[in-house]
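Novice: any chance you could fold what I've pasted below:
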Amino acid sequence: MEFMGIKGDRPEGAADGQFCTRRKCRRLRCGVLAAVLAAGLCLSGCQGKNVETMAAFAKKEGAEDGTGAADSVDGEFGMSNESGAETTVDGDTAANPGASTDSVEDAATVKELNRVKVKGIYVSGPMAGTAGMDNLIALVDRTELNALVIDVKNDDGYLTCELDVPLAEQIGSEKHYIKDLPALVQTCKEKNIYLIARVVAFKDPILAEKMPEWSLHNSDGSIFRDKSGLAWVNPYRKEVWEYLASVGEAAIKAGFDEVQYDYVRFSTDSRMKQVDFGDSTKGRTKTEAISGFTLYASERIHAAGGRISADVYGVVIDSEEDQQIVGQNYVEMSRSLDAISPMIYPSHYGPYNYQIPVPDAQPYDTVLAAMQASKMVLAGLDPKTGKKPVSADVSGNDAVDAAIVGGEAVSGNNAADAAADSQSTSGTTAVSGNDAVQNAENAQAADGAQAAEDAAAKTFALSKEEIAQLDPTTGVQATVRPWLQDFTATWVKGHISYGPEEIRAQIQAVYDAGYEEWILWNAANRYTEGGLLTQEEEEQ
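Specialist: Next comes the predicted model:
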């Protein structure tokens, strides 16, 4: 999964994305796709030059993980867990993105048949095919866990088990780590374990190489390759949709309850500026392409009797500009999916995101803020004002121009400029967004410490209790099921070790925001049992 090239908001190991590490900036490449990206410059309200690549993170992680299993990484970055875990298991278009009435009704029927409040963990293909899988199943038996997210199509493009997908056999994209899938499915069913098939979507170097007409191409006609030399398929191509849907259908027929698509987005690599989509767009935007795919796939998966979910960057929850870059429209995707999984790992938010100095060091506050933003956005409200946006031009991250009028509530993650212009209001302007701290500093200089404190005190316009009670707006059907962090991000300045308390804090934050489901991520599949309730404790 992913966040700024980050799985589920974990960084992709292929240096696909970059994000600004400047203080108070959390946005994907600061929202700018231009030649300056290649030079590592951050604009759009940041102007910082300190950009760290996902490759740098991957290098650090690879040295610390110790597994050496590239296949254990979901394509968006392997993380190790150095938290002193009590349990160690060895071993990412349609013409109309809006859902039709029939498809929504079908989805509702499937949801009623298979509704499970998922509490899950990620399992790599290699792990699922070893004796270590028995240890993970035993962990589920002992704890509140009830679901496994298993790699079925990994970020290298390989199917990890035998499925009835003719094209996969034709292009040689089968690497069967899981030798006896029927037996594994049977074991899990006997233990009432909910099975989710993770299917990496548009990052598929095998399909892109074998079917070059389906790949992304540069303006000179050559195949687009990211910084790691990997080709991506074109999210606008219906043939690609059909292939991905066929993999999902096959997984459902093989016994999985749900298909979870990852890398459901466009590449964020700086080389994307060279890509020429040609006639494939048919006038569609990136968000229309991705929302179109999720609608198409949902109809196919529902018809096969399964449920469908997708992973998205955590940053796209309340950032319209970042949605446009990667193609992930949080609300639109939630109209056709049964579940949506934003990757909200605390370690992947920059300093002062949600006004938190070091998000990694405050897992509860970070997860709570991200989930509260989700609650408000899906309820049709601007998180910063608590009101319905006046228009697309005055909501989300692009609200800066509309925010500079003194006395008005400032919204959007880049509110710093507006804050500076409105400091004459003596700190009374209700400034929110991730750059509100800068406004607080400005207010302090003008009106003293109290004004600064007031300016930075409020992240959202509604109270914690009010946000938790919000219901999704009409048409939004997806359950929100975030990816949470079960690893220690040693590369983050000011990081803390993640152990039982940090795991539990994130889970509690999900509940306090008004949600009920979650999945833990650890690339090496080493999970912190001490952060989980036992079955007996859960029943109490």
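Novice: give me the neighbour count for residue 243.
Specialist: 23 (other Cβ atoms under 10 Å). Any C-beta I mention is one placed from the backbone N, CA and C, and that applies to glycine too.
Novice: just give the nearest non-adjacent residue to it, would you?
Specialist: The shortest distance from residue 243 to any non-neighbouring residue, by Cβ to Cβ, 6 or more residues apart in numbering, is to residue 167 (5.7 Å).
Novice: now residue 250
Specialist: residue 163 (3.9 Å).
Novice: after the helix or strand encompassing residue 121, heading C-terminal, what element do we hit next?
Specialist: Here residue 121 sits within strand 119-123, counting by DSSP states H and E. Per DSSP H and E, the first helix or strand lying C-terminal to strand 119-123 is helix 125-128.
Novice: for the next helix-or-strand element following that following helix, give the mean pLDDT please.
Specialist: Downstream of helix 125-128, the first helix or strand assigned by DSSP H and E is helix 132-142. Averaged across helix 132-142, the pLDDT comes to 97.
Novice: can you point out the buried residues in the helix or strand containing residue 246?
Specialist: Assessed by DSSP H and E, residue 246 sits inside helix 238-253. Of all the residues in helix 238-253, those buried under the rule 16 or more other Cβ atoms under 10 Å are 238, 240-241, 243-252.
Novice: mind putting those residues into TSV with pLDDT and distance to residue 225?
Specialist: Formatted as TSV, the buried residues of helix 238-253 follow (pLDDT from 0 to 100; distance: Cβ to Cβ, whole Å):
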residue	pLDDT	distance to residue 225
238	98	23
240	98	17
241	99	22
243	99	20
244	99	20
245	99	26
246	99	25
247	99	23
248	99	26
249	99	30
250	99	28
251	99	28
252	99	32
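Novice: adding distance to residue 264, write those residues out as CSV.
Specialist: Converted to CSV, these look like this (distance: Cβ to Cβ, whole Å):
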residue, distance to residue 264
238, 15
240, 12
241, 11
243, 14
244, 9
245, 12
246, 16
247, 13
248, 12
249, 17
250, 18
251, 16
252, 18
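Novice: and which of these is nearest residue 332?
Specialist: residue 241 (16.0 Å; Cβ to Cβ).
Novice: that closest one reaches residue 295, doesn't it?
Specialist: No: with contact defined as Cβ atoms under 8 Å, residue 241 does not reach residue 295; the gap is 9.9 Å.
Novice: what ranges in the stretch 51-200 of the chain fall below the confidence cut-off?
Specialist: Applying pLDDT under 70 to the stretch 51-200 of the chain flags the ranges 51-114.
Novice: and the strands in it, which stretches?
Specialist: Assigned by DSSP state E, counting those that start in this stretch, the strands in the stretch 51-200 of the chain fall at 51-53, 119-123, 147-153, 159-161, 174-178, 194-200.
Novice: try the stretch 401-540 of the chain
Specialist: In the stretch 401-540 of the chain, the strands defined using DSSP E, counting those that start in this stretch lie at 479-480, 483-485, 518-521.
Novice: for the last one, packing partners?
Specialist: Using 3 or more Cβ pairs under 8 Å, 6 or more residues apart in numbering; DSSP states H and E as the contact criterion, the neighbours of strand 518-521 among helices and strands are strand 119-123, strand 483-485, helix 500-512.
Novice: residue 343: which of the strands of the stretch 401-540 of the chain is closest?
Specialist: The nearest among the strands of the stretch 401-540 of the chain, by Cβ to Cβ, is strand 483-485 at 4.6 Å.
Novice: if you compare the strands of the stretch 51-200 of the chain, which one is most tucked away?
Specialist: The highest mean neighbour count among the strands of the stretch 51-200 of the chain, using mean count of other Cβ atoms under 10 Å, belongs to strand 147-153: a mean of 28.
Novice: now do the buried residues in the longest helix belonging to the chain.
Specialist: In the chain, assigned by DSSP state H, the helix with the most residues is helix 286-303. Neighbour-count burial for helix 286-303 flags 286-302 (criterion: 16+ other Cβ under 10 Å).
Novice: immediately after it, which helix or strand?
Specialist: As assigned by DSSP H and E, the chain's next helix or strand after helix 286-303 is strand 307-313.
Novice: can I get whichever helix or strand comes after that following strand as PDB, trimmed to CA atoms?
Specialist: Beyond strand 307-313 on the C-terminal side, the first helix or strand identified by DSSP H and E is helix 320-326. Extracted in PDB, the C-alpha atoms of helix 320-326 (Å, rounded to 0.1, in the frame of the first residue of the first chain):
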ATOM      1  CA  GLU A 320      -7.300  17.500  -3.600                       C
ATOM      2  CA  GLU A 321      -4.000  18.400  -5.200                       C
ATOM      3  CA  ASP A 322      -2.400  15.100  -4.200                       C
ATOM      4  CA  GLN A 323      -5.600  13.300  -5.400                       C
ATOM      5  CA  GLN A 324      -5.000  14.800  -8.800                       C
ATOM      6  CA  ILE A 325      -1.400  13.700  -8.900                       C
ATOM      7  CA  VAL A 326      -1.900  10.100  -8.100                       C
END
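Novice: packing partners of helix 320-326?
Specialist: Using 3+ Cβ pairs under 8 Å, 6+ apart: helix 320-326 touches helix 286-303.
Novice: the helix it packs on vs strand 194-200, what angle?
Specialist: 140 degrees (axes from the mean of the first three to the mean of the last three Cα atoms, to 10 degrees).
Novice: which other helices and strands contact helix 286-303?
Specialist: helix 101-114, helix 238-253, strand 258-262, strand 307-313, helix 320-326, helix 330-336.
Novice: let's see that with 7 Å instead.
Specialist: Applying 3 or more Cβ pairs under 7 Å, 6 or more residues apart in numbering; DSSP states H and E, we find helix 286-303 packed against helix 101-114, helix 238-253, strand 307-313, helix 320-326, helix 330-336.
Novice: so for residue 310, which of the helices and strands packed on strand 518-521 sits nearest?
Specialist: With Cβ to Cβ as the yardstick, what comes closest out of those is strand 483-485 (11.7 Å).
Novice: any idea how far residue 538 is from the nearest residue to residue 532 once chain neighbours are set aside?
Specialist: Closest residue in space to residue 532, ignoring its immediate chain neighbours: residue 143 at 4.1 Å, by Cβ to Cβ, 6+ apart. From residue 143 across to residue 538, the span is 8 Å (Cβ to Cβ, to the nearest Å).
Novice: same check, this time on residue 225
Specialist: Distance from residue 225 to residue 538, by Cβ to Cβ: 47 Å.
Novice: how about residue 244?
Specialist: Residue 244 is 35 Å from residue 538, by Cβ to Cβ.
Novice: then residue 136?
Specialist: Taking Cβ to Cβ, one finds residue 136 at 18 Å from residue 538.
Novice: with neighbour numbers in mind, choose between the two.
Specialist: Neighbour comparison, residue 136 and residue 538: the larger count goes to residue 136, with 23 against 13 (by other Cβ under 10 Å).
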